[in-house]
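Trainee: Sequence first, then the predicted structure, then my questions.
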Amino acid sequence: MKTIARVLIVSALVAAQGVAVAGPRHYDRHYHHHHHGHHRPNGAAVGAVVLGLALAVPLIAMARQADRAERAPEVVYTPPPAPLPPATVYVPARGAPVVYPRHGQSAEQQEFDSRECNRWATTQSAAMADAGVFQRAVEACMDGRGYTLR
């Protein structure tokens, strides 16, 4: 667009200048030109200049607009930030509960039941990823085997 506009501007100005310079010509050998020390432009020359400017001014404006469009900063789409993950609630780890046998189990039996409950807790969903889930699974198992936990 910019190159086309500039070519049209130059063409309009050259054409206007050519018409203005050409002016009327008198080829009669008896035509005498009287010089009075000043020149008045004839109507055709003034019309050609006006016509040239009438064509050139809008074309100049178009070229400037094309230049501004080329220099305009490119609009870049920036996606919104990703949503934050849900907040996690921090629950301080509690110490291991004290286990009391409810049915008179021996220390060896309590140790065996504790190992079995730990092994069973590892099979529960989310127990390996969440210590709280693991602890609750162990406690439920020990309660089911007849122990009181505090």
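Mentor: Looks like it came in fine.

Trainee: ok, now how distant is residue 109 from residue 64?
Mentor: Distance, residue 109 to residue 64, using CB to CB, to the nearest Å: 95 Å. For every residue, glycine as well, the C-beta is placed using N, CA and C.

Trainee: nope, residue 129 is what I meant
Mentor: According to CB to CB, residue 129 stands 65 Å off from residue 64.

Trainee: more crowded one of the two?
Mentor: Ranked by neighbour count (other CB atoms under 10 Å), residue 129 and residue 64 place residue 64 first, with 12 against 8.

Trainee: Give me the pLDDT value at that one.
Mentor: pLDDT, residue 64: 74.

Trainee: and it, helix, strand or coil?
Mentor: Classification of residue 64 using DSSP: H, G, I helix; E, B strand; the rest coil returns helix.

Trainee: State the distance from it to residue 57.
Mentor: As judged by CB to CB, residue 64 and residue 57 stand 11 Å apart.

Trainee: now residue 136
Mentor: 84 Å.
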